[in-house]
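> need a structure here:
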Amino acid sequence: MAALRRLIIGNPKPLSLIPPTLLIFRRGIASKLFVGGLSFYTTEKGLLDAFSQYGQVMEAKIVTDRVSDKSKGFGFVTYASIDEAEKAITEMNGKVLNGRVIFLDYAKPTTNLGGGMPIARGPPHPMAKN
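Purely as a prediction, here's the structure:
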């Protein structure tokens, strides 16, 4: 990660020469962490308290099921800087939080996989009779 930072900060280039993947890190997505293996009883406040000792937490979010509103067992923590996020990964990865071993990684950008409401395609075709 340090080499990536040196590449972005220490090497001033026109933006057109920098690959878009590096710009994503520069815009702050790299400071958003995925936290997996959370206990179903972990709250967003508990997540915030656990990770705030490693830096300024901008947001702590636990992903919940839309129907039951129960935790899905993972969440995201966003730090103000990349350095704080790196420190949290090195310190908290593999540690126990609320009785469960958690694992951390950098969050990946969301992609729209076509979820949501299905597209109506019209009535079904009649079956051919033999």
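
> what's the weakest-modelled helix or strand in the protein?
helix 20-26 (a mean of 45; mean pLDDT, DSSP states H and E).

> I'd like the next helix or strand past that helix.
Beyond helix 20-26 in the direction of the C-terminus, DSSP states H and E gives the next helix or strand as strand 32-36.

> Check which residues of whichever helix or strand comes after that next one are buried.
Read in the C-terminal direction, the helix or strand following strand 32-36 is helix 44-51, with elements assigned using DSSP H and E. Residues of helix 44-51 classed as buried: 46-47, 50-51 (neighbour count, 16 or more other CB atoms under 10 Å). Where C-beta positions appear, they are placed from N, C-alpha and C, glycine not excepted.

> Parallel or antiparallel, list what pairs with the following helix or strand past helix 44-51.
Tracing the chain past helix 44-51, the next element assigned as helix or strand by DSSP H and E is strand 57-64. With DSSP bridges as the test, strand 57-64 is paired with strand 71-79 (antiparallel).

> What's the first helix or strand after the partner strand?
On the C-terminal side of strand 71-79, the closest following helix or strand by DSSP H and E is helix 82-92.

> Strand 32-36 and that next one, what's the angle between them?
20 degrees (axes from the mean of the first three to the mean of the last three CA atoms, to 10 degrees).

> Let the chain start at 38 from now.
Sounds good: first residue 38 from here, last item helix 119-129.

> List the buried residues in helix 119-129.
So, applying 16+ other CB under 10 Å, buried residues of helix 119-129: 119, 121-123, 125-126, 129.

> want to try TSV for those, with pLDDT and distance to Met95 as columns?
Putting the buried residues of helix 119-129 into TSV (pLDDT from 0 to 100; distance: CB to CB, whole Å) gives the following:
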residue	pLDDT	distance to Met95
Ile119	93	13
Glu121	95	10
Ala122	94	10
Glu123	95	15
Ala125	95	12
Ile126	95	16
Met129	95	16
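
> Most widely separated two among these?
Greatest spatial distance among those (CB to CB): Ile119 and Met129, at 15.7 Å.
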